[in-house]
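> Generate coordinates for the sequence data below:
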Amino acid sequence: MRVLFWGTRGSLPASVDSEAIRRKIFKVVKLASGLSFHSDEEIEKFLFNNLSDKNLSFSATGSYGANTSCVEIEGGNEYIICDAGTGLRDFGNHVVKTMGQTHQQKPNVFNLFISHLHWDHIQGFPFFTPAYMAGNQINIYGLHEKLEDAFIAQQEPPFFPVPLKYMNADIRFTTLELGKTYNIAGVNIKTIPQNHPGGSYGYRFEKDGKSIVYSTDSEHKEEAYDDNYPFIDFALDADLLIFDAQYSLIDAISFKENWGHSSNIIGVELSVKANVKHLCIFHNEPTLDDERLDQFLEDTRRYLKIFSESSSLRIDLAYDGMLIEI
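Numbers count the residues shown, from 1 in each chain. Here you go, the predicted model:
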């Protein structure tokens with residue numbers, strides 16, 4: 001299985017302005033001072049592989065991205081996508097661009113699993129090119145009773161010029177039931193309710209002994225410190241946990257308490273308790289720039305050593321374009 005991140009920001013898209021780009025260029029030029037490059041390959045080695053005594057941070061040469069939540073899970077016999085944030089637009093454009101470039105193509109069936117109906121998790125759908133193409137089938141799954149109503153409403157006047165009914169693909173809505181295990185696109189799928197304003201749901205995807213848990217927009221409170229906390233069993237032995245850690249601990253327990261998101265600290269603790277192999281911090285705070293997100297990741301990794309020095313847990317921070325092999 002593979003996981004491709006098309007959108008990783010929380011709450012709203014977050015662009016990179018010209019001043020931020022200039023700061024990145026300044027860092028790179030300053031670190032390159034005194035070096036000589038005799039080929040493009042040497043420049044690429046400096047930028048992407050780094051030299052032993054010249055290390056560039058991720059924030060200097062890359063970006064954590066701008067798009068809201070959209071994650072593709074490869075491994076099934078059809079497309080599987082978690083949430084329809086603005087990253088869905090880039091995913092759809094990629095699918096259209098690569099059509100016909102390989103001999104083995106997935107059927108044009110797209111299975112979208114929606115965590116909840118807040119705008120940042122569905123706002124990419126009106127710009128999802130495959131939804132306008134006749135012959136495509138789009139299955140939209142969720143656990144909210146008014147799942148279809150929300151998708152219709154955001155494309156009604158005055159919000160959008162093209163109503164959902166004018167999209168040419170075969171679009172179907174299915175409300176899932178808690179407690180049931182589904183097999184969709186050859187992948188076993190389980191769900192869990194989560195603490196978030198209006199309610200949200202996490203998903204566990206299992207195939208060939210591998211497991212991926214997608215858990216965003218969930219606030220873990222005092223009950224998370226109970227060893228019998230249901231989420232621990234839900235994430236048990238997961239190969240990858242995609243976890244909403246939008247806030248620092250101080251934000252999560254102070255003025256952003258009850259906003260429906262969790263911290264990197266509780267993400268580490270729950271991952272260790274559930275014996276997760278790889279934790280990927282997700283739903284990144286849109287007010288944090290790339291430098292501060294670099295620091296956020298470093299702080300999280302440092303806390304793991306404090307909480308469980310012997311833990312082999314791998315920790316990353318999701319960015320648009322990130323690929324993880326399971």
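> from here on, contacts and neighbour counts on C-alpha atoms
Will do.
> quick one: the helices in the stretch 51-200 of the chain?
58-61, 87-98, 147-153 (DSSP state H, counting those that start in this stretch).
> Can I get the ones you listed in JSON lines including mean neighbour count and mean pLDDT?
Below are the helices of the stretch 51-200 of the chain laid out as JSON lines (neighbours: other C-alpha atoms under 10 Å; pLDDT from 0 to 100):
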{"stretch": "helix 58-61", "mean neighbour count": "17", "mean pLDDT": "87"}
{"stretch": "helix 87-98", "mean neighbour count": "19", "mean pLDDT": "96"}
{"stretch": "helix 147-153", "mean neighbour count": "16", "mean pLDDT": "97"}
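> Tell me, how many residues neighbour Met157?
Careful, residue 157 is Pro; it's not Met. 10 (other C-alpha atoms under 10 Å).
> now the closest residue in space to it that isn't next to it in sequence: how far from Gln154?
Distance criterion C-alpha to C-alpha, 6 or more residues apart in numbering; nearest residue to Pro157, sequence neighbours excluded, is Pro163 at 7.9 Å. Pro163 sits 9 Å away from Gln154, going by C-alpha to C-alpha, to the nearest Å.
> What of Asp239?
Distance check for Asp239 against Gln154: by C-alpha to C-alpha, it reads 35 Å.
> same deal with Leu297?
34 Å.
> Also Asn275?
For Asn275 relative to Gln154 (C-alpha to C-alpha), the value is 40 Å.
> Any idea which of the helices of the stretch 51-200 of the chain gets closest to Thr175?
Closest to Thr175 of those, according to C-alpha to C-alpha: helix 147-153, at 7.4 Å.
> and Arg22, what helix or strand is that in?
helix 18-32 (DSSP states H and E).
> List the contacts of the next helix or strand after that helix.
Of the helices and strands lying after helix 18-32 in sequence (DSSP H and E), the nearest is helix 40-44. Helix 40-44 is contacted by residues Phe37 when judged by C-alpha atoms under 8 Å, 6 or more residues apart in numbering.
> so where's the stretch 1-150 of the chain shaky on pLDDT?
49-54, 100-106 (pLDDT under 70).
> run the last query once more with 80
Counting by pLDDT under 80, the low-confidence segments of the stretch 1-150 of the chain come to 48-56, 100-107.
> For the stretch 201-326 of the chain, which segments count as strands?
If DSSP state E, counting those that start in this stretch is used as the criterion, the strands of the stretch 201-326 of the chain fall at 210-215, 240-244, 278-282, 314-317, 323-325.
> Could you pull up the mean pLDDT of the lengthiest helix in the chain?
The longest helix of the chain (DSSP state H) is helix 290-307. With pLDDT averaged residue by residue, helix 290-307 scores 96.
> what comes up buried for that helix?
By 16 or more other C-alpha atoms under 10 Å, the buried positions in helix 290-307 come out as 290-291, 293-294, 296-297, 300-301, 303-304.
> Distance to Lys146 added to the residues you listed, as TSV?
Below are the buried residues of helix 290-307 laid out as TSV (distance: C-alpha to C-alpha, whole Å):
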residue	distance to Lys146
Asp290	36
Glu291	39
Leu293	35
Asp294	38
Phe296	36
Leu297	36
Thr300	37
Arg301	39
Tyr303	40
Leu304	40
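> just these now: which is nearest Asn284?
Nearest to Asn284 among these, with distances taken as C-alpha to C-alpha, is Leu293, at 8.1 Å.
> picking up where we left off before, so Pro163 and Gln154 - more neighbours on which side?
Taking other C-alpha under 10 Å, Pro163 and Gln154 do not tie; Gln154 has more neighbours (19 against 16).
> Quote the end-to-end distance of stretch 60-73.
28 Å.
> coming back round to it: of all the strands of the stretch 201-326 of the chain, which one is nearest Phe91?
Among the strands of the stretch 201-326 of the chain, strand 323-325 comes nearest to Phe91, with 13.1 Å by C-alpha to C-alpha.
> What pairs with the closest one, parallel or antiparallel?
strand 2-7 (antiparallel) (DSSP bridges).
> what does the partner strand rub up against?
65-75, 85-88, 90-91, 318-326.
> chain center to it, what's the gap?
What separates the centre of strand 2-7 from the centre of its chain is 7 Å, taken as C-alpha atoms, centre = their mean, to the nearest Å.
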